[in-house]
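Q: For reference, the sequence and a predicted model appear below.
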Amino acid sequence: MAYGDKVIDHYRNPRNVGSLDKNDPNVGTGIVGAPECGDVMKLQIQVDENENIVEAKFKTFGCGSAIASSSLATEWIKGRKLDEALEIKNTDIVKELALPPVKIHCSVLAEDAIRAAVNDLKKKLGKQESATETAEVK
Amino acid sequence: MNRRIYLDNNATTPVDPLVLQAMLPYFCEKFGNAASRNHAFGWEAEEAVRRARVQVAEVIGAKITRDEKRKLQAKEIIFTSGATEGNNIAIKGVAEFYADRGKHVITQATEHKAVIDPCNWLAQHGFRVTFLPVDRHGRIDPSQLKDALTDETILVSIMHGNNEIGTLQPIAEIGKLCKEREVIFHTDCCQTFGKVPIDVQEMGIDLLTCSGHKIHGPKGVGALYVRRKHPRVRCGTIMHGGGHERGMRSGTLNVPGIVGLGKAAELCQQHMNSEPAHLAALRDRLQKGICAQLDNVYVNGHPTERTPSNLNMSFAYVEGEAMMMGFPEIAVSSGSACTSASLEPSYVLKALGVGDELAHSSIRFSVGRFNTEEEIGYTIERVVATVKKLRAMSPLYEMAQEGVDLSKVEWPAG
């Protein structure tokens, strides 16, 4: 399977690799996936006082498509308000990266990662949770 | 950078130029059908096939006799379209023929699919199949085989060297156990033919499969050794139509392919005293070079009882397909789910108890005749650089660095 150009671009030049301080009250952290599945994404967002996402970072254990999906996710959510980030659908990622059917689950995980990070932040900011959980580190 | 380095020789190998040279006359000049008994075109094709049988036989210690025409004959070698077909004949053909004696077959968990699938087929057609487990290096325990043998057992099929991890099975011991119980012993030698010494007499082997394209020969051809004495092994066939190859494999012989396979076997035999050691030296250098510069890497397979060309390693915290994208100019393969058509991680690594995460992090390097020291040095650099870059991007590596015990993390369901 030959990779799409955009996937290769994100792999070679990933956007926003890194970590934010998870203890910072303005940082939300989402960790989704599982090592046994071959895919784990950590996505973090930092907001300003108006809930604009001013910074986003990611780290991913997974294939090139998983890395590209999460890299793209951080690119897209920067500059959005918290709730706007939830509007990103995995199908948008599939389209942008031209992911083949066998890699669609990578885009789903990226969407889940965004959701998990947003929910984590909302919880910290004292707001309501929704369904997506984040990994618990004991 | 347009260079290409091929380190996936377990998957297939480049044809040796000498093999191609040997094959070429048999396409346009000596193109006769080896079964044409009545003219020179047929005779010269038949002669070429006869020679190839001897060339294959010499590598495995099969019986070579002189017949009435004072020519060397290796009647125990039949030619097939490849090892998959050879394994199917050996397993399904023997099971069919000896079904009256018993319906129990023994094999093991890390066999190639070309053995596992025919065994599963037998299991669905009235046979009982035992899949022996393997230890963490991929070896069976001969005492478990001994316990599994019954009066109903008619066939044991255990590969000599594993294609993913290179682990060698104790073939001579297995052969001895089978002889004691008069059970037919088949071994798939695709990965060991020409790399590890094989002697069908000493090892008590009754059926042996090998493949052309694994030994710098052409694809689409293989050989199956079928013992004729002590005991005489009989085999049903899966290909009917003309009775070629002693009734075991009908169909016009692929003469150019067979000539290629024979030449490839002859080259293996000629290089037998030097090539395995050379392959091992390249492989060992690759292994040492990587291990010297990276932590948390593990070799999968037996540390010493392993084919000389094989190196299967898991690189913790990074995924196999992502690694391969990091050095696209180097051809290797991975046990990661992402690289398999079924999205399942390697069942071989699973059988070792490696764990899915390390299976997803595995890469198989397999050296061959045409790899060079320089290629190995370059590969070490690129692999190390790629793993370092991916670890910097890996949440698992980050967690491990922070002292998190990854085995205690609760990952969200799904």
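A: Perfect, I can see it now.
Q: what does chain A put close to chain B?
A: Contacts of chain A with chain B, taken as C-beta under 8 Å from any C-beta of the partner chain, map to A:3, A:8, A:11, A:14, A:17, A:19, A:31-42, A:59-64, A:66-67, A:102, A:116, A:132-138. The C-beta positions use only the backbone N, C-alpha and C, and glycine is treated the same way.
Q: Show me which residues of the longest helix along chain A are buried.
A: Longest helix in chain A, counting residues (DSSP state H): helix A:104-124. For helix A:104-124, the neighbour count (16 or more other C-beta atoms under 10 Å in any protein chain shown) marks A:104-122, A:124 as buried.
Q: Determine the set of other helices and strands touching it.
A: In terms of contacts (3 or more C-beta pairs under 8 Å, 6 or more residues apart in numbering or on different chains; DSSP states H and E), helix A:104-124 is packed against strand A:27-34, strand A:39-47, helix A:64-77, helix A:82-85, helix A:90-97.
Q: per-residue confidence for the closest residue to residue A:11 other than its chain neighbours?
A: Counting by C-beta to C-beta, 6 or more residues apart in numbering or on different chains, residue A:11 lies nearest to residue A:64, which is 4.7 Å off, once chain neighbours are set aside. The per-residue pLDDT reported for residue A:64 equals 94.
Q: Show me where chain A dips below the pLDDT cut-off.
A: A:1-2, A:127-134, A:136-138 (pLDDT under 70).
Q: The same query, at a cut-off of 50, please.
A: Along chain A, the parts satisfying pLDDT under 50 run over A:128-129.
Q: just chain B next, same as before
A: Residue ranges of chain B with pLDDT under 50: B:413-414.
Q: domain parsing for chain B?
A: As given by automatic domain parsing, the domain ranges for chain B are B:27-271, B:274-401.
Q: Quick check: end-to-end length of the last one?
A: Meaning domain B:274-401. The first residue of domain B:274-401 is 44 Å away from its last residue (C-alpha to C-alpha, to the nearest Å).
Q: Equivalent analysis for the longest one, please.
A: One end of domain B:27-271 to the other measures 27 Å (C-alpha to C-alpha).
Q: How about stretch B:127-147?
A: Stretch B:127-147 has an end-to-end distance of 18 Å (criterion: C-alpha to C-alpha).
Q: How about that stretch, which residues are buried there?
A: Within stretch B:127-147, the residues scored as buried using 16+ other C-beta under 10 Å are B:127, B:129, B:130, B:131, B:132, B:134, B:137, B:138, B:139, B:140, B:145.
Q: can you list contacts of that stretch?
A: Contacts to stretch B:127-147, defined as C-beta atoms under 8 Å, 6 or more residues apart in numbering or on different chains, come from residues B:95, B:99, B:103-110, B:116, B:119-120, B:122-123, B:148, B:152, B:156, B:158, B:162, B:165, B:167-170, B:173-174, B:177, B:300-303, B:305, B:348, B:351-353.
Q: that older thread, including mean neighbour count, could the helices and strands packed on helix A:104-124 go into a markdown table?
A: Output for the helices and strands packed on helix A:104-124, formatted as a markdown table (neighbours: other C-beta atoms under 10 Å in any protein chain shown):
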| stretch | mean neighbour count |
| --- | --- |
| strand A:27-34 | 25 |
| strand A:39-47 | 26 |
| helix A:64-77 | 27 |
| helix A:82-85 | 18 |
| helix A:90-97 | 18 |
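Q: okay, these in TSV with distance to residue B:388 next?
A: As requested, the helices and strands packed on helix A:104-124 are exported to TSV (distance: least, C-beta to C-beta, whole Å):
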stretch	distance to residue B:388
strand A:27-34	22
strand A:39-47	19
helix A:64-77	15
helix A:82-85	31
helix A:90-97	25
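Q: Tell me which of the ones you listed sits nearest to residue B:70.
A: Ranking these by proximity to residue B:70 (C-beta to C-beta) places helix A:64-77 first, at 61.9 Å.
Q: Nearest residue to residue 93 in space, ignoring adjacent ones along the chain?
A: Picking chain A for this. Of all residues not flanking residue A:93 in the chain, residue A:107 sits nearest, at 3.9 Å (C-beta to C-beta, 6+ apart).
Q: you looked at the wrong chain, it should be chain B
A: Distances taken as C-beta to C-beta, 6+ apart put residue B:235 closest to residue B:93, at 3.8 Å, once the chain neighbours are dropped.
Q: thought that neighbour was touching residue B:90?
A: Yes - here residue B:235 reaches residue B:90: they are 7.2 Å apart, a contact under C-beta atoms under 8 Å.
Q: ok, the two, which is more surrounded?
A: residue B:90 (30 against 24; other C-beta atoms under 10 Å in any protein chain shown).
Q: quick check, the more buried one in a helix?
A: Yes - counting by DSSP: H, G, I helix; E, B strand; the rest coil, residue B:90 falls inside a helix.
Q: Identify the residues contacting it.
A: Contacts for residue B:90 (C-beta under 8 Å, 6+ apart) come out as B:157, B:186, B:207, B:209, B:224, B:226, B:235.
Q: what does the helix or strand harbouring the second one contact?
A: The one in question is residue B:186. Assigned by DSSP states H and E, residue B:186 belongs to strand B:184-188. The contact list for strand B:184-188 (C-beta under 8 Å, 6+ apart) reads B:83, B:87, B:90-91, B:94, B:98, B:111-112, B:114-115, B:154-160, B:169, B:171, B:174-175, B:178-179, B:203-209, B:231, B:233.
Q: Any of those buried? List them.
A: Neighbour counting by 16+ other C-beta under 10 Å classes B:83, B:87, B:90-91, B:94, B:98, B:111-112, B:114-115, B:154-160, B:169, B:171, B:174-175, B:178, B:203-209, B:233 among the contacts of strand B:184-188 as buried.
Q: returning to what we had before: overlap in contacts, residue B:235 and residue B:90.
A: B:207, B:226.
Q: Would you confirm that residue B:354 belongs to a strand?
A: No - going by three-state DSSP, the assignment for residue B:354 is coil, not a strand.
Q: just checking, it touches residue B:316?
A: No - using C-beta under 8 Å as the test, residue B:354 is too far from residue B:316 to be in contact (11.1 Å).
Q: what's the residue nearest to residue B:93 in contact with, if anything?
A: Applying C-beta under 8 Å, 6+ apart, the residues contacting residue B:235 are B:89, B:90, B:93, B:94, B:97, B:207, B:226, B:248.
Q: The same query, at a cut-off of 7 Å, please.
A: Neighbouring residues of residue B:235 by C-beta atoms under 7 Å, 6 or more residues apart in numbering or on different chains: B:89, B:93, B:94, B:97, B:226, B:248.
Q: quick one on the thing from earlier: mind giving me a markdown table with the domains of chain B and columns for distance to residue A:93?
A: As requested, the domains of chain B are exported to a markdown table (distance: least, C-beta to C-beta, whole Å):
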| stretch | distance to residue A:93 |
| --- | --- |
| domain B:27-271 | 33 |
| domain B:274-401 | 17 |
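Q: Filter the buried ones among the contacts of strand B:184-188 down to the ones in helices?
A: Counting by DSSP H, these contribute B:83, B:87, B:94, B:114, B:115, B:171, B:174, B:175, B:178 to helices.
Q: wait, which of these is closest to chain A?
A: Among these, residue B:114 lies closest to chain A (C-beta to the nearest C-beta), at 23.5 Å.
Q: re earlier: any idea how far residue A:95 is from the residue nearest to residue A:93?
A: As judged by C-beta to C-beta, to the nearest Å, residue A:107 and residue A:95 stand 9 Å apart.
Q: what's the answer for residue A:53, then?
A: For residue A:53, the distance to residue A:95 - C-beta to C-beta - is 22 Å.
Q: Check residue A:67 too.
A: Counting by C-beta to C-beta - residue A:67 and residue A:95 are separated by 18 Å.
Q: Likewise for residue B:106?
A: 52 Å.
Q: which residue sits closest to residue B:30, ignoring its sequence neighbours?
A: Sequence neighbours aside, residue B:44 is the residue nearest to residue B:30 in space, at 5.0 Å (criterion: C-beta to C-beta, 6+ apart).
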